[in-house]
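1. my questions concern the predicted model and sequence given below.
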Amino acid sequence: MATRAAAKKVHLFNISPAPGSLHHQKRVGRGQGSGYGGTSGRGHNGQKSRSGPGPKPGFEGGQTPITKLIPKRGFYNQNTKEYAAVNLDRLQYWVDQGRLVSTPEQPITARELLLSGCVHDVKDGIKILGDGKEFLRSRIHLVPSRASKSAIGAIERLGGTVYCKYYNPLSLRDCIDGRTDRIAAAPTRRKDIEWYTHWGNRGYISPRAIEKMPFVEERLKELSKEYTNFKSQPFATK
Amino acid sequence: MRRLRVVLQLKVFFKSCRTTSRSLSTVTATETSTSVLPPLGTGLSSPLTSPVYVTMSSLGSLVDKPVLSTDKAVQLDPHIFSHPIRRDILHLCVVHHLDSLRQGSANTKTRSEVRGSGRKIRPQKGSGRARLGDAQSPMLRGGGVAFGPKPRDFSTKLPRKVKEMGMRVALSAKLREHNLGVIKSLNWPGVKTGPLAKRISEVGWRKTLFVTGLDEVPEGLRRASSNIEKVEVVTAKDLNVYDAVKWPRVVLDLAAVEWLERKLGKKTVVDSF
């Protein structure tokens, strides 16, 4: 049964690499027989046959390069936030598989969505969208960065809860890591404050959300009052 | 958890022992009778594989005689000692080891390092000869070397698991060629070279690598064998694939068998806790 080769003893002189595993180096300028002698694969004369780095990358011989032909356009807004979208049908599928479990005291946050594989990259936060809301059957409790109106409606109709919380990059990282020693900063930009104090968005520092949420820090209650003060303050009139 | 090394008391049932003075006899599982069944879970990677056996040898002592094959057999893990032979893996391990041994100290002077000034040797035009700059150019006699060797590190990296497989293949090859022995312990009682050299010739164990599973080589054996060429003692920690292939015969002690089985055995999920 054993072939002749298999029966030979193993010595230092009869072990060889697996066929096809080694690729020998191309050595140029070592005679015509190698196929890379003479001009060593560089052809005859010209800039490319000379030693040195050659023309700079993107140089087109003097013709206006394509990177210069097309004009610059616009600007890049440093404040944009890209949210990782999660639709309701995907959430329902995860709940059915038992990969996501939520209670009002332990709602589904970015951490649970990432660890369960519902979302592969949290980006600047999670936004719950309403695609496939007819498939949502269970009562789920979520704390995302944002949620669309149709998603909020569908979840609440089934008895679930949605509260949208403001996350900056640090507090989002802490949420994902499960770190609770640091304080999650409140929004400072006007647009964010307006958004998160609005009950229509289910903002977490809107007065109604402060009443309804199960665990609310004292400072958030104070903040909510401060942020909504202006509504009852009269204008200064002479 | 420390598993007991199973050392079986054999009845005389191996048909042909090649007890020539040059080789050890080993018994594979196919030769044993079915009346001696190994207890499950002792030194085996998987309950589905059957172990491999080797008869225990003994070097004897200053007084006792040596015994090439005692009436005991040692149970070995087939994942380590009965591994399929992969010569290409051995090649990788051996080449990696030899690369690491290279001194890499070859050095040449480039045209910038050769002693000399930067003066232009002759004018650019007018002499009728080729144009030349300084006298250290590689075209000229006495000039620097173009692209010559420089001291460099020839060592390569090899995945740990490839090295482990190489060790398994090397040990399996040794066992298959009846060149692997197991001895109870390597605590040679003497210190003098003479008696040990005589004993080793008697047993026919010249050109042998002894491997101990302890942290250090036993002092007696180390001192007695240090001047005997063709005999070397090494710890299992320092054993490499190159030596396991190079030495014609490898003799392990029971502690070394334990050590190797722990290091090279199949890692199960339970082991990682």
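-> Thanks, I have the structure now.

2. A:Ser16: neighbouring residues, count only.
-> The tally of other residues near A:Ser16 (other C-beta atoms under 10 Å in any protein chain shown) stands at 12. To be clear about C-beta, it is placed using only N, CA and C from the backbone, and glycine gets the same treatment.

3. so it touches B:Leu90, yeah?
-> No. Applying C-beta atoms under 8 Å as the test, A:Ser16 and B:Leu90 come out as separate, 9.5 Å apart.

4. and chain A, which of its residues are near chain B?
-> Neighbours of chain B within chain A, by C-beta under 8 Å from any C-beta of the partner chain: A:Ala6, A:Lys9, A:Val10, A:His11, A:Leu12, A:Asn14, A:Ile15, A:Ser16, A:Pro17, A:Ala18, A:Ser21.

5. same thing but at 10 Å, please
-> Proximity of chain A to chain B is confined to A:5-12, A:14-19, A:21-22 under the rule C-beta under 10 Å from any C-beta of the partner chain.

6. I'd like to know how far the nearest residue to A:Ile155 once chain neighbours are set aside sits from chain B.
-> Leaving aside its sequence neighbours, A:Ile155 sits nearest to A:Val162 (C-beta to C-beta, 6 or more residues apart in numbering or on different chains; 5.3 Å). Separation of A:Val162 from chain B (C-beta to the nearest C-beta, to the nearest Å): 39 Å.

7. specify the beta-bridge partners of A:Val162.
-> As for beta bridges, A:Val162 partners with A:Leu142 under DSSP bridges.

8. surely it touches A:Ser145?
-> No. Applying C-beta atoms under 10 Å, one finds A:Val162 not in contact with A:Ser145, separated by 11.3 Å.

9. overlap in contacts, the two.
-> Listed contacts common to A:Val162 and A:Ser145 are A:Ile128; contacts here mean C-beta atoms under 10 Å, 6 or more residues apart in numbering or on different chains.

10. for the stretch 151-273 of chain B, what lies in contact range of chain A?
-> Residues of the stretch 151-273 of chain B lying near chain A (C-beta under 10 Å from any C-beta): B:169-170, B:172-174, B:176-179, B:242, B:244-246, B:248.

11. from those residues, which land in strands?
-> Among these, DSSP state E puts none in strands.

12. which of those sits closest to chain A?
-> Taking C-beta to the nearest C-beta as the measure, chain A sits nearest to B:Ala173 out of those, at 4.1 Å.

13. so where is chain A shaky, pLDDT-wise?
-> Within chain A, the stretches falling below the threshold (pLDDT under 70) are A:1-6.

14. give me the residue from it nearest chain B.
-> Going by C-beta to the nearest C-beta, chain B is nearest to A:Ala18 of chain A, at 3.7 Å.

15. now do the contacts for the closest residue to that residue other than its chain neighbours.
-> Spatial nearest neighbour of A:Ala18, excluding adjacent residues (C-beta to C-beta, 6+ apart): B:Asp88 at 3.7 Å. Counting by C-beta under 10 Å, 6+ apart, B:Asp88 touches A:Ile15, A:Ser16, A:Pro17, A:Ala18, A:Pro19, A:Ser21, B:Val169.

16. coming back round to it: burial count for the residue of chain A closest to chain B?
-> Number of residues near A:Ala18 (other C-beta under 10 Å) recorded here: 12.

17. do A:Ser21 as well
-> For A:Ser21, the count of nearby residues is 10 (other C-beta under 10 Å).

18. residues contacting it?
-> The neighbours of A:Ser21, taking C-beta under 10 Å, 6+ apart as the test, are B:Asp88, B:His91, B:Leu92.

19. same deal with B:Thr156?
-> B:Thr156 is in contact with B:Leu92, B:Val95, B:His96, B:His97, B:Leu98, B:Asp99, B:Ser100, counting by C-beta under 10 Å, 6+ apart.

20. which one of these sits closest to A:Trp94?
-> The nearest member of the contacts of B:Thr156 to A:Trp94, counting by C-beta to C-beta, is B:Leu92 at 44.6 Å.

21. ok, back up a step: give the rounded mean pLDDT of the helix or strand hosting the residue nearest to A:Ala18.
-> Using DSSP states H and E, B:Asp88 sits in helix B:87-101. Across helix B:87-101, pLDDT averages out at 97.

22. same deal with stretch B:239-257?
-> What stretch B:239-257 shows for mean pLDDT is 96.

23. quick one: terminal-to-terminal distance for it?
-> End-to-end distance of stretch B:239-257: 12 Å, with C-alpha to C-alpha, to the nearest Å as the criterion.

24. for chain A, what spans make up the helices?
-> In chain A, the segments counted as helices under DSSP state H are A:4-7, A:66-69, A:88-97, A:110-116, A:149-157, A:169-177, A:190-196, A:207-212, A:218-228.

25. pLDDT score assigned to B:Val54?
-> With respect to pLDDT, B:Val54 scores 88.

26. about what we covered before: list buried residues within the contacts of B:Thr156.
-> Buried by 16 or more other C-beta atoms under 10 Å in any protein chain shown: B:Leu92, B:His96, B:His97, out of those.

27. so which of the residues you listed are also by chain A?
-> Near chain A, by the rule C-beta under 10 Å from any C-beta, you find B:Leu92 out of these.

28. tabulate the buried ones among the contacts of B:Thr156 (TSV), appending distance to A:Tyr204.
-> Output for the buried ones among the contacts of B:Thr156, formatted as TSV (distance: C-beta to C-beta, whole Å):
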residue	distance to A:Tyr204
B:Leu92	59
B:His96	58
B:His97	62
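
29. which one of the buried ones among the contacts of B:Thr156 is nearest to chain A?
-> Distance to chain A across those (C-beta to the nearest C-beta) is lowest for B:Leu92, with 7.3 Å.

30. wait, the closest one touches A:Pro17, no?
-> Yes. Using C-beta under 10 Å, B:Leu92 is in contact with A:Pro17, at 7.3 Å.

31. what residues sit buried inside stretch B:189-201?
-> By 16+ other C-beta under 10 Å, the buried positions in stretch B:189-201 come out as B:Leu196, B:Ala197, B:Arg199, B:Ile200.
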